[in-house]
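> can you look at this prediction? I've put the sequence above it.
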Amino acid sequence: YFIQTNLRMSESTTLLLLSAVIILLQDGLSVTASASKKLKDVLITVEYRPEQCDVLAEDGDKITVEYTGFLESGVTFDSTSLPERGPLNFTLGTNTVIPGLERGILGMCNGEKRKLVIPSHLAYGNQGYRTIPGDSTIYFDVSLTRLKKKSVLERTVNAIHFFMFPLTTSLVIFYLWQKMNNEEKTSQSNNSNSSSSPSGKRSRRNRKRGY
């Protein structure tokens, strides 16, 4: 009887331990899932960075990247290693790729490799795209293979474009303000001249006399 009781207790203890492990695993999975849903920005993990990493990618630079994109399930949805694809060439900051991929590439140097976790609002949103379901967190392995900085001329042109609009707007507002002031001064001057002229005085006297 004592042996049977001990066996029953050990079985119940084992079941309790197994139940606790299952609950902990479920909690861990739910926390991971909720964390990926609550991710607000791109999660970047640097896998490899060359010793010389002084020149960094920024908006306006022409770059070439190789990447593999996959879902949380591990299914690959796109890759530059596919025969029909190839390395991707584009200019940073031109909205050529999804916002999350651009954010993840910014600051990379030539030869650097990164892993990116991109939340849905910086990827394909709630609509999804092709084999990517809506509201999907997507993952990228990215390697920067070419980095060409924008020239001094391009930087100058971009700076001119950046300052041109506010400068033009300020000049137009100043011109309109000055024009309104001049018109107001001219109107006040005309009123003053008409009231001080003899004809103006006679007209006021005539109005008093009833003419």
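Thanks, I have the structure now.
> whatever helix or strand Asp141 lives in pairs with which strands, parallel or anti?
Assessed by DSSP states H and E, Asp141 sits inside strand 138-148. Strand 138-148 has the following strand partners under DSSP bridges: strand 62-70 (antiparallel), strand 113-118 (antiparallel).
> what comes into contact with that strand?
For strand 138-148, contacts defined as CB atoms under 8 Å, 6 or more residues apart in numbering pick out 47, 55, 57, 61-72, 77, 87, 89, 100-101, 104-105, 108-118, 120, 123-124, 132. In this view, the C-beta of every residue, glycine as well, is placed from N, C-alpha and C.
> okay, now the unreliable bits of this protein?
Low-confidence regions of the chain, defined here as pLDDT under 70, cover residues 1-38, 152-159, 161-163, 191-211.
> tell me where it has strands.
In order along the chain, the chain carries the following strands (DSSP state E): 43-48, 62-70, 76-79, 88-91, 113-118, 138-148.
> for Thr168, which of those is the nearest?
When the strands of the chain are compared by CB to CB, strand 88-91 sits nearest Thr168, at 25.7 Å.
> parallel or antiparallel, list what pairs with that closest one.
Based on DSSP bridges, the strands next to strand 88-91 in the sheet, each with its direction, are strand 62-70 (antiparallel).
> the partner strand: which residues count as buried?
Using 16 or more other CB atoms under 10 Å as the test for burial, strand 62-70 gives Ile63, Thr64, Val65, Glu66, Tyr67, Thr68, Gly69.
> got JSON lines for those residues, with distance to Ser81 too?
Shown next, in JSON lines, are those (distance: CB to CB, whole Å):
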{"residue": "Ile63", "distance to Ser81": "18"}
{"residue": "Thr64", "distance to Ser81": "14"}
{"residue": "Val65", "distance to Ser81": "12"}
{"residue": "Glu66", "distance to Ser81": "7"}
{"residue": "Tyr67", "distance to Ser81": "9"}
{"residue": "Thr68", "distance to Ser81": "7"}
{"residue": "Gly69", "distance to Ser81": "11"}
